[in-house]
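J.: Just need the structure, nothing else, for what follows:
(chains A and B)
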2 protein chains.
Amino acid sequence: MEYHKIDQTDRENLRKLIAEPERFITQPTEHWDHDQFRTVRAMPELVIQPVNNDEIAGVVKYANDHQIPLVPRGNSTGLMGANLNVNGGISLDMVKMNRVLEYDPDSLTMTVQAGIRLKDIDEYLADKPFTYMPAPAMHWATIGGNVSTNAGGLKAIKYGVTREHIRELKVVLTDGKLYKFGSKAVKSASGYSLKDLIIGSEGTLGVVTEVTLRLYPKPHKSINAIIPYPTLNDAIRSVPAILASGVVPTTVEFMGRKVINLWEEYAGEQFPIKNGDGFIILGLDAFTDEELKVELEQTLKAVKSFNAEDAVILAADSAEAKKIWECREALLLAIQKSTPKMDEIDICVPINHIPDVLDRIEELETELHIRIPNFGHAGDGNLHIYLCSDKMNEQEYAETSKKVINELYKTAKALDGNMSGEHGIGYARANNFEDFYGHDYTELLRKIKCLLDPHDILNPGKIFNL
Amino acid sequence: MEYHKIDQTDRENLRKLIAEPERFITQPTEHWDHDQFRTVRAMPELVIQPVNNDEIAGVVKYANDHQIPLVPRGNSTGLMGANLNVNGGISLDMVKMNRVLEYDPDSLTMTVQAGIRLKDIDEYLADKPFTYMPAPAMHWATIGGNVSTNAGGLKAIKYGVTREHIRELKVVLTDGKLYKFGSKAVKSASGYSLKDLIIGSEGTLGVVTEVTLRLYPKPHKSINAIIPYPTLNDAIRSVPAILASGVVPTTVEFMGRKVINLWEEYAGEQFPIKNGDGFIILGLDAFTDEELKVELEQTLKAVKSFNAEDAVILAADSAEAKKIWECREALLLAIQKSTPKMDEIDICVPINHIPDVLDRIEELETELHIRIPNFGHAGDGNLHIYLCSDKMNEQEYAETSKKVINELYKTAKALDGNMSGEHGIGYARANNFEDFYGHDYTELLRKIKCLLDPHDILNPGKIFNL
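T.: Residues are numbered from 1 along each chain as shown, chains lettered A, B, ... in the order given. Below you'll find the model as predicted:
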């Protein structure tokens, strides 16, 4: 697709759509050329920070009429370059769309602008009896970004992912009109769910401007425990038994001693649990302590035959518990610090097939002489797998990591899994999409993209190749 | 759209695609001309009962190539005429696609053919530790039908509707190819969710042939209770308080003495609870009896200030409980028996707005001299509202019911609700769709329909007007 380069006339015309000059940035700095990972770098020609739906509608329409790429951008916590202007154009930086528009506990909903951060939603709800349940580890991500990748998080097993907690979206399409998809009502059997089409579309079909969230009663009681195992393999193999125990846990995370060692080095701290090489972090929610106690007993009984050692209860305010959560949440940064360059894939496989993926990772580490630390959401079959460059030169690393990625996608595909559980495809993996999902399937996505964005101006170059 | 009438050549060509002659019905009987409601009647030109994906693919391709309408049909428990050949053509009767293909407890999934009935799935799982959680009251509906309307049921508050329990669909599109949408993996951030586009599309975009269901551990303990109130209004107004109590119930149903009286007449039985004019049926699931006890106490405390009288626990096998559930499940039939003709709408509004709908219904009853009994899923804001013809003549009833339907859709729209919570739009309400959702929104749906079904052969005339 040939795009129009933004010129002085465009700047003048677009400037008229935005009330304050400080939200119209004609000389973007480095701040706008990368995401959390910095693997992909690309500078927009212009940054616009809208504060309302009208400004967004005007900018989208202008971009569409003038063949200018438009890339919605949240707080750039993504890893796949989905927020980058790889074809130039406008970066639509949503961080000033950060207001709570309505708190409506009677309908169990809350409506926010798309650029609000998860941590701001949490803070807003801190003294209220309800919560927004999904719990992605990146608290400073925006809700718009969460919608665009259908973000998962630490509580998906029991409560579902972002998709299940979105009641209504306001979306500007390329015609410059504002649409309402979904409603505050809980259920719908009223035609095609365009809301669900937008969720996970990574800004390629429309610009999400407002989000109505489902509110959920805050759990009265919660308990977290960490279970050590002699090997990571033992830990992982116990997961289907946990999920078949009759208990529905909130959280089932796995991590191994290898990544914990990296965190110890990174943080200059000691991990509080000395025994075990593999760990499951378990979370349970309930209304009574008695329920938690019995559910925990039942779960621990289920893992006994997988060589589980004595579980350690993570008392909410203990130093020990704090350290373990700190470790879990800093694993990505710890791995990142251990290597000059890093890439990631976050395949999601049926929950019983995590061991197959881990076996394949070990084989690839040996075969291709690359370190591939990993951890993840065991209860969802969703792994975060990191490819470390270590001492490889740039070309070696590029070739090796490409091979690893291709091989692990092959594994995921063979197991009836998905390319990404929660991080999205973005720019970094768009070349792999058609291989994974096939030509016919990708053609369907292309047709939908062309239908809603005929000039390919919305976040072009992402998810799949047109 | 001009359709081709099925002729002898078509019959010969189509016949070759189907192995056994008894599954190729050239003289359809009355069995195929109606749904549960019998309001719409239309006879197909030909009925085909496929048993595998290849047969379906062949028939879809032939229909598409020859401009013949093709209407997928489950067990005809629908109320909106969605399963009817209103433009003639082929009825693709799925009831022989009724096999369990795989039970895979390790991945918490089960794969079935689309024509299997809910009751058969239940029976298959009877001796297993897992269940398919959604609980539509029509146990003899097919899972394909459930997918096509995103069916709700009695447990949606806690566990969600059909959409949340479908992992993967096999779908034949008009190109005659079989597609896989979704996967056995729990999470996906891998491009547009075509699975979610198909769910709720009432057979207008593709033919669902196989469904991979999410399995859920059977709840260890359950309790049901019925709470009487002096008025239905009191009952309904207590619902937001229940949902804000911190407890997440499985079931919150409402019914009033008026519909119960109809059931007593219909069944020749006495409703076991003598006090109260309005009732909430409450269901709770948990792992321990202690949890149930405390959750029930908490819920009953929450409804006290709404004049709730003493709740009656529905012991699982008691005659009383059995009678109350029988009553709840037979309400539709009881109302149907009380009137020569009947129509229904099942609008879904934000949960706190059910009283507004009930007020409007009362006004309309008085204004238009029509009886409008109702009951429904209070916890979801989803009402089942029945329009009884009683002594009106055909024309009077047609005019009056049209007015009521229009008025109640206006009410639902003003409250940010949906036209249908679980029964779908079908043929009966397709004329109302654009009024409710607007021209621009409906245009988007039209474009998607044209994209996937350019010749409008898949269930034409349903959901909205092209």
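J.: could you say what helices and strands whichever helix in chain A runs longest packs with?
T.: Ranked by residue count, the top helix of chain A under DSSP state H comes out as helix A:394-414. Under the contact criterion of 3 or more CB pairs under 8 Å, 6 or more residues apart in numbering or on different chains; DSSP states H and E, helix A:394-414 touches strand A:342-345, helix A:354-368, strand A:382-388, helix A:430-437. Using the backbone N, CA and C atoms, a C-beta is placed for each residue, glycine as well.
J.: can I get the ones you listed in a markdown table with mean pLDDT?
T.: Below are those laid out as a markdown table (pLDDT from 0 to 100):
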| stretch | mean pLDDT |
| --- | --- |
| strand A:342-345 | 95 |
| helix A:354-368 | 97 |
| strand A:382-388 | 97 |
| helix A:430-437 | 98 |
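J.: Redo those as a markdown table? Include mean neighbour count and distance to chain B.
T.: A markdown table is the format used below for these (neighbours: other CB atoms under 10 Å in any protein chain shown; distance: least, CB to the nearest CB, whole Å):
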| stretch | mean neighbour count | distance to chain B |
| --- | --- | --- |
| strand A:342-345 | 24 | 11 |
| helix A:354-368 | 17 | 11 |
| strand A:382-388 | 24 | 5 |
| helix A:430-437 | 18 | 7 |
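J.: Kindly reformat those as JSON lines containing distance to residue B:120.
T.: Output for these, formatted as JSON lines (distance: least, CB to CB, whole Å):
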{"stretch": "strand A:342-345", "distance to residue B:120": "40"}
{"stretch": "helix A:354-368", "distance to residue B:120": "32"}
{"stretch": "strand A:382-388", "distance to residue B:120": "32"}
{"stretch": "helix A:430-437", "distance to residue B:120": "32"}
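J.: Give me the contact list for the longest helix of chain A.
T.: Here helix A:394-414 makes contact (CB atoms under 8 Å, 6 or more residues apart in numbering or on different chains) with A:341, A:343, A:345, A:347-349, A:356-357, A:360-361, A:364, A:368-370, A:372, A:385, A:387, A:389, A:392, A:418-419, A:429, A:432, A:435-436.
J.: returning to what we had before: indicate which one of the helices and strands packed on helix A:394-414 is closest to residue A:25.
T.: helix A:430-437 (26.8 Å; CB to CB).
J.: So which other helices or strands are in contact with that closest one?
T.: helix A:394-414.
J.: Only C-alpha atoms, please: export the helix it packs on in PDB.
T.: Taking C-alpha atoms only, helix A:394-414 is exported to PDB below (Å, rounded to 0.1, in the frame of the first residue of the first chain):
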ATOM      1  CA  GLU A 394      23.500 -10.300  15.700                       C
ATOM      2  CA  GLN A 395      23.200 -12.500  12.700                       C
ATOM      3  CA  GLU A 396      23.600 -15.800  14.600                       C
ATOM      4  CA  TYR A 397      20.900 -14.600  17.000                       C
ATOM      5  CA  ALA A 398      18.600 -13.500  14.300                       C
ATOM      6  CA  GLU A 399      18.900 -16.900  12.600                       C
ATOM      7  CA  THR A 400      18.700 -19.000  15.700                       C
ATOM      8  CA  SER A 401      15.800 -17.200  17.200                       C
ATOM      9  CA  LYS A 402      13.900 -17.400  13.900                       C
ATOM     10  CA  LYS A 403      14.400 -21.200  13.900                       C
ATOM     11  CA  VAL A 404      13.300 -21.500  17.500                       C
ATOM     12  CA  ILE A 405      10.200 -19.400  16.900                       C
ATOM     13  CA  ASN A 406       9.300 -21.400  13.800                       C
ATOM     14  CA  GLU A 407       9.800 -24.700  15.600                       C
ATOM     15  CA  LEU A 408       7.700 -23.700  18.700                       C
ATOM     16  CA  TYR A 409       4.900 -22.500  16.500                       C
ATOM     17  CA  LYS A 410       5.000 -25.800  14.700                       C
ATOM     18  CA  THR A 411       4.700 -27.500  18.100                       C
ATOM     19  CA  ALA A 412       1.800 -25.300  19.200                       C
ATOM     20  CA  LYS A 413       0.000 -25.800  15.900                       C
ATOM     21  CA  ALA A 414       0.300 -29.600  16.100                       C
END
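J.: Quick check: buried residues in that helix?
T.: By 16 or more other CB atoms under 10 Å in any protein chain shown, the buried positions in helix A:394-414 come out as A:397, A:400-401, A:404-405, A:407-409, A:411-413.
J.: roughly how far is it from the heart of the chain?
T.: Here the centre of helix A:394-414 is set off from its chain's centre by 21 Å, with CA atoms, centre = their mean, to the nearest Å.
J.: residues making contact with the helix or strand of chain A with the lowest mean pLDDT?
T.: For chain A, using mean pLDDT, DSSP states H and E, the weakest element among its helices and strands is helix A:319-337, scoring a mean of 92. Helix A:319-337 is contacted by residues A:137, A:224, A:226, A:253, A:255, A:259-260, A:262-263, A:265-267, A:269, A:271-273, A:281, A:312, A:314-315, A:342, A:373, A:375, A:384, A:386, A:388 when judged by CB under 8 Å, 6+ apart.
J.: Buried among those? Make that a ChimeraX selection.
T.: Here the buried members of these are turned into a ChimeraX selection, burial being counted by 16+ other CB under 10 Å:
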select /A:137,224,226,253,255,259,260,262,263,266,267,271,272,273,281,312,314,342,373,375,384,386,388
